[in-house]
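Peer 1: Give me a 3D structure for the following:
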Amino acid sequence: MNNLNDAPVWLITGAGSGLGRATAIQAASRGVRVVLAGRSRRRLEDAATAVADQSAMEPAVLPLNLAGATMDDYAQVASMLEESMGRLDAVIHCAAQFTGLTPLHELKPEDMATILHVNVTAPWLLTRALLPLLNRRPSTVIWVDDADARRSNAFWGAYGLSKAALHKLQDSWAQELDATSTVRMRLFGPPPMFTALRRLAFPALEPSDLAAPDQVADQLAHFVQETLNNPRP
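Peer 2: The predicted model follows:
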């Protein structure tokens, strides 16, 4: 694209590793201006280097710790994106908190609170702050599902609960916005991937047993573009 301002802008959380990082690289290769959000500046800068190899457009690095971010932080993110990018076409929620398979009676209260916040409340607050900017044009918010976790029972504890809650959040919010807004909220259900989260749950797994994040990122980037090109449900 000749005009930088015409290039779509995607904000990707959890962009320092796993599916988030891989999706950022895929997006950049498709002419997207990428905003890399995550809690580790070092990982984000490493991802930014990989993204820059795929595009002449410099990615934006946005250190954002969802566990501790405040309402003012989310408002500042929205203001920064408006001033520096002038638009926002997609938000892709790849960030997730998982502390391992634990019986509920052994789960630390602080872990329960943090997992539910990072996986549900924080992305809701971030998206809520970004809605005015998203609503200026047809746009999409993608929530990454984990059907196995939300359908499982024993030992999945707070993480499974958070994914069930996220599923309901997306469903309710999508129905509300489909009738009143240009923003489309959709779930993306990836296959089991070889990521740090999956290895924590199943340490005996081999890489060959699971999909690589790079492969799934291609599907996710295509899904985002299809949603933007065909916004009606």
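Peer 1: Do a quick rundown of the strands in the protein.
Peer 2: With DSSP state E, the ranges of strands along the chain come out as 9-13, 33-38, 60-63, 90-93, 139-144, 183-188.
Peer 1: For Thr114, which non-adjacent residue is closest in space?
Peer 2: Sequence neighbours aside, Ala67 is the residue nearest to Thr114 in space, at 5.5 Å (criterion: Cβ to Cβ, 6 or more residues apart in numbering). C-betas here are computed from N, CA, C, even on glycine.
Peer 1: burial count for that neighbour?
Peer 2: When neighbours are counted by other Cβ atoms under 10 Å, Ala67 registers 13.
Peer 1: What of Asp72?
Peer 2: 9.
Peer 1: swap in the one 4 residues further on?
Peer 2: Residue neighbour count, defined by other Cβ under 10 Å, stands at 14 for Gln76.
Peer 1: Please determine how far it is located from Leu64.
Peer 2: To Leu64, Gln76 is 10 Å away according to Cβ to Cβ, to the nearest Å.
Peer 1: again, but for Leu36
Peer 2: Distance from Leu36 to Leu64, by Cβ to Cβ: 10 Å.
Peer 1: Those two: which has the busier surroundings?
Peer 2: A side-by-side neighbour count of Leu36 and Leu64, using other Cβ under 10 Å, places Leu36 first with 28 against 22.
Peer 1: which phi and psi does the nearest residue to the more buried one once chain neighbours are set aside have?
Peer 2: Excluding the flanking residues, the one nearest Leu36 by Cβ to Cβ, 6+ apart is Ala15, at 3.9 Å. The phi/psi pair for Ala15 (degrees, to the nearest 10) reads phi -80, psi 0.
Peer 1: Contacts only, for Ala15.
Peer 2: The contact partners of Ala15, by Cβ atoms under 8 Å, 6 or more residues apart in numbering, come to Arg21, Thr23, Ala24, Val34, Leu36, Ala37, Gly38, Leu44, Ala47, Cys94.
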